[in-house]
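Asks: sequence and predicted structure are below.
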There are 2 protein chains.
Amino acid sequence: MEYRFATRMVRAPKSFLDELFRVSRDPKILSFAGGLPASELIDVEGIALAAREMLEEDGREALQYSTTDGYLPLREYIAARYRRRLKIPAEASDIQIVNGSQQCLDLAAKIFLDPGDCLAMERPGYLGAVEAFSLYEPEFQPVTLLEDGPDIEEFSAMVKRSCPKFFYGIPNSQNPSGVTYSRDKRKAVAECLNGTDTIFFEDDAFGELFFDGKPRSPVKKDLDQNTMMSGSFSKIISPGLRIGWIFAPAPVLKQFNVAKQAADLHSNFLAQKVMCRYLESTDLDAHIRGICKIYGENCRLMSDLIDDHFPPGVSHTRPEGGMFMMATLPPGISSMKVFNEGIKEKVAVLPGIPFYVDGGGEDTIRLNFSSASQEQIRQGLERLAAVIRGLI
Amino acid sequence: MEYRFATRMVRAPKSFLDELFRVSRDPKILSFAGGLPASELIDVEGIALAAREMLEEDGREALQYSTTDGYLPLREYIAARYRRRLKIPAEASDIQIVNGSQQCLDLAAKIFLDPGDCLAMERPGYLGAVEAFSLYEPEFQPVTLLEDGPDIEEFSAMVKRSCPKFFYGIPNSQNPSGVTYSRDKRKAVAECLNGTDTIFFEDDAFGELFFDGKPRSPVKKDLDQNTMMSGSFSKIISPGLRIGWIFAPAPVLKQFNVAKQAADLHSNFLAQKVMCRYLESTDLDAHIRGICKIYGENCRLMSDLIDDHFPPGVSHTRPEGGMFMMATLPPGISSMKVFNEGIKEKVAVLPGIPFYVDGGGEDTIRLNFSSASQEQIRQGLERLAAVIRGLI
């Protein structure tokens, strides 16, 4: 028989990441290719205690079906944190819980995109978003990401020309580049969008992870009603619990709710109640300060090692937070070669190519600094420097 | 500003279920409108113990990111159970874990359906499937469900005429009707489909819940490669954990994996590991026998009460398992009126209308018998009989 798959699947760009991750699975390889938060910074005991107490007191409810929008006390916590931390008005009724913020990408594309619709995003852009959006067959409009945010001239012309359904961006410590939008860029982006029907889809997966501990003002604050913002506990508490959320105006949230119900009825209720219990009993700010301290030290170490020991012509971004930095290789050195030679020398990096929807990025690599120890970063970057030197 | 939602959202049939559930939320109302498994039959202590032991031994892994296909030992358990219980060959590599089997509906539609593609399903059909499929804008081809399975003449003509991408059916204790396909109907359905490119999407949410404890042979057993089968722990262990799966040939599973990764990376890993630990330490067959005993008693009681105390002209299906039966009202009595009058008398039923994608079903109601006690069933059906009598 012939399997007649939908056009969206046949056209989907083939991911070479599986292959990359497969070859980098050798335990002797020091890998900077992945995107995991540090396992040792997950508060396993705190979460286990929360799970135990919650299941003892409230297990029967936690194991039954629940509502599509998500557990109310958890949504109240999230809204209160927006009010306190970012000084933006937010209520539980503005929040829909999803399975990690990746599900926001799928649902946003589902509610907004007809095939051929225009969708804009940063170049380079987050690969998980490209994969989710691609299945809705949009026309991608990439906008160059500079070291302080999108190229505004390009951005403004793109909005006027294409009026995309939404612009997807990560203003805080972007994946893959590590770039954070400057205050001016945030205002300029909002200015371009206000008065249009283009929504800013603001992915804030890393907003809590600034090394200086200071929140940056979300673009949302300068926008009218053309906003949706996604958030996640994956990078600050635990990715395995798969709890993210979307924060959006009522008409958008209503459609998210319809799409979420059709997609999987509701998010894992056990995990939502464990998370809520944990949040009620922990000092989240202190926990996050601990993470930021380690990630900041790792990032500075990586930065210094590249500056001091890599061949001339290698440059890199200077992240203020998050988990990734991007390095540019000397002219003529291909990231795929660096990957392949790196594997032989037991060090793995991620070639930048898949982050460029319209091609390019052959001379860039993404480096993760959250999941390796300082000693591993030292050893790994020594191997990487030797690999690049060998290719020059 | 104007929110420019995708055509799929604008065209989606408006659900009146939210409104129905809202009015039936009064705690004084005895409700047979919902679809919850019995809360008191969930083994809260067993699951809490499994969670505790697992988090103590293996918490750090359970709280980190995991693989898209799902936790291998859980997939091995599911495959082994297929082999033992249904005598069908199955390996872990044939299984993809999803967030409750509702997610199979979304992902199956995503990988197979272009707008306007033909999709066939039972009439009446499962509402959650109609909602999930509708967002992929198919052409629905309903096939009449008789008391022993689909009308084969209609089914055969439909397959020849429309060659749908797939036929979605629930051969075991269907929702909403409670109908189970006879052995002959299973063979006849498979015969119609073999040699065509139409897949049987076999939803087996209730296959473990036969009151006589005996499994029925899946249609899959008689099919060639045109099969996908979904399963779920929601009805036999806990719905709040949101763990279901798809069991499909390799080319289909590969596309499921791509779609699942784009949708939400992977299912809740904590829940998968808790479930697996629980399954390893429990006698699942004995647990399920306990559920079947209660549901069987409830179903017989409901059946007897309708036979003995309802006005003439009310008929009902005779479920062999599952959680639902369907009743047909006397000529001229509308289910919406029964619903509205029922609410006044503090009893809630679900009008059959939304289960008929092409209209109809005005004279049918769905009755859930899994979540009420025998005393509640007695009282509730007394009220319902009075309501119907009042409308004649």
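Replies: Cool, the structure landed.

Asks: wait, A:A79 touches A:I95, no?
Replies: Yes - the pair A:A79 / A:I95 is scored as a contact, 5.9 Å apart, by C-beta atoms under 8 Å. From N, CA and C alone the C-beta is placed, and that goes for glycine too.

Asks: all strands for chain A, in order.
Replies: Under the criterion DSSP state E, chain A carries strands at the ranges A:30-31, A:95-98, A:118-123, A:139-146, A:149-150, A:166-169, A:199-203, A:227-232, A:244-247, A:315-316, A:324-328, A:347-348, A:350-351, A:364-368.

Asks: residues contacting the residue nearest to A:S281 when sequence neighbours are not counted?
Replies: Nearest residue to A:S281, sequence neighbours excluded (C-beta to C-beta, 6 or more residues apart in numbering or on different chains): A:A50, at 6.2 Å. Residues near A:A50 by C-beta atoms under 8 Å, 6 or more residues apart in numbering or on different chains: A:274-275, A:277-278, A:281.

Asks: the residue lying closest to A:P249 once chain neighbours are set aside and A:G195, how far apart?
Replies: Nearest residue to A:P249, sequence neighbours excluded (C-beta to C-beta, 6+ apart): A:Q225, at 5.2 Å. According to C-beta to C-beta, to the nearest Å, A:Q225 stands 11 Å off from A:G195.

Asks: ok, the two, which is more surrounded?
Replies: Taking other C-beta atoms under 10 Å in any protein chain shown, A:Q225 and A:G195 do not tie; A:Q225 has more neighbours (13 against 10).

Asks: hang on, the earlier thing: tabulate the strands of chain A in JSON lines, adding columns for distance to B:E320 and mean pLDDT.
Replies: Converted to JSON lines, these look like this (distance: least, C-beta to C-beta, whole Å; pLDDT from 0 to 100):
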{"stretch": "strand A:30-31", "distance to B:E320": "53", "mean pLDDT": "94"}
{"stretch": "strand A:95-98", "distance to B:E320": "37", "mean pLDDT": "98"}
{"stretch": "strand A:118-123", "distance to B:E320": "49", "mean pLDDT": "98"}
{"stretch": "strand A:139-146", "distance to B:E320": "52", "mean pLDDT": "98"}
{"stretch": "strand A:149-150", "distance to B:E320": "61", "mean pLDDT": "98"}
{"stretch": "strand A:166-169", "distance to B:E320": "49", "mean pLDDT": "98"}
{"stretch": "strand A:199-203", "distance to B:E320": "49", "mean pLDDT": "98"}
{"stretch": "strand A:227-232", "distance to B:E320": "45", "mean pLDDT": "98"}
{"stretch": "strand A:244-247", "distance to B:E320": "41", "mean pLDDT": "98"}
{"stretch": "strand A:315-316", "distance to B:E320": "66", "mean pLDDT": "98"}
{"stretch": "strand A:324-328", "distance to B:E320": "56", "mean pLDDT": "98"}
{"stretch": "strand A:347-348", "distance to B:E320": "55", "mean pLDDT": "96"}
{"stretch": "strand A:350-351", "distance to B:E320": "54", "mean pLDDT": "94"}
{"stretch": "strand A:364-368", "distance to B:E320": "54", "mean pLDDT": "97"}
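
Asks: dump those to CSV, plus distance to B:M121 and mean neighbour count.
Replies: Output for the strands of chain A, formatted as CSV (distance: least, C-beta to C-beta, whole Å; neighbours: other C-beta atoms under 10 Å in any protein chain shown):
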stretch, distance to B:M121, mean neighbour count
strand A:30-31, 46, 24
strand A:95-98, 27, 26
strand A:118-123, 32, 24
strand A:139-146, 33, 18
strand A:149-150, 46, 25
strand A:166-169, 33, 27
strand A:199-203, 34, 26
strand A:227-232, 33, 24
strand A:244-247, 30, 26
strand A:315-316, 54, 17
strand A:324-328, 45, 22
strand A:347-348, 46, 25
strand A:350-351, 43, 26
strand A:364-368, 44, 26
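
Asks: can I get those strands in TSV with distance to B:D203?
Replies: Listed next are the strands of chain A as TSV, based on distance: least, C-beta to C-beta, whole Å:
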stretch	distance to B:D203
strand A:30-31	40
strand A:95-98	24
strand A:118-123	33
strand A:139-146	35
strand A:149-150	45
strand A:166-169	34
strand A:199-203	34
strand A:227-232	31
strand A:244-247	28
strand A:315-316	51
strand A:324-328	41
strand A:347-348	41
strand A:350-351	39
strand A:364-368	40
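
Asks: closest one to B:S15 among the ones you listed?
Replies: Among the strands of chain A, strand A:95-98 comes nearest to B:S15, with 16.5 Å by C-beta to C-beta.

Asks: re earlier: by neighbour count, which of the contacts of A:A50 wins?
Replies: A:V274 (28 neighbours).

Asks: ok, that residue to B:Q225 distance?
Replies: 41 Å.

Asks: do A:I170 as well
Replies: 42 Å.

Asks: same thing with A:D94?
Replies: 47 Å.

Asks: before we move on, what about A:R389?
Replies: Shown here: A:R389 relative to B:Q225, a distance of 53 Å by C-beta to C-beta.

Asks: okay, stretch A:48-65 in PDB with CA atoms only?
Replies: Presented in PDB, the C-alpha positions along stretch A:48-65 are these (Å, rounded to 0.1, in the frame of the first residue of the first chain):
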ATOM      1  CA  ALA A  48      10.100  15.100  45.400                       C
ATOM      2  CA  LEU A  49       8.900  16.500  48.700                       C
ATOM      3  CA  ALA A  50       6.300  18.700  46.900                       C
ATOM      4  CA  ALA A  51       5.100  15.600  45.000                       C
ATOM      5  CA  ARG A  52       4.800  13.500  48.100                       C
ATOM      6  CA  GLU A  53       2.900  16.100  50.100                       C
ATOM      7  CA  MET A  54       0.600  16.900  47.200                       C
ATOM      8  CA  LEU A  55      -0.200  13.300  46.400                       C
ATOM      9  CA  GLU A  56      -0.900  12.500  50.100                       C
ATOM     10  CA  GLU A  57      -3.300  15.400  50.500                       C
ATOM     11  CA  ASP A  58      -4.800  15.900  47.000                       C
ATOM     12  CA  GLY A  59      -3.800  12.900  44.900                       C
ATOM     13  CA  ARG A  60      -7.300  11.800  43.900                       C
ATOM     14  CA  GLU A  61      -7.900  15.200  42.200                       C
ATOM     15  CA  ALA A  62      -4.400  15.300  40.700                       C
ATOM     16  CA  LEU A  63      -4.900  12.000  38.900                       C
ATOM     17  CA  GLN A  64      -8.400  12.800  37.500                       C
ATOM     18  CA  TYR A  65      -9.200  14.700  34.300                       C
END
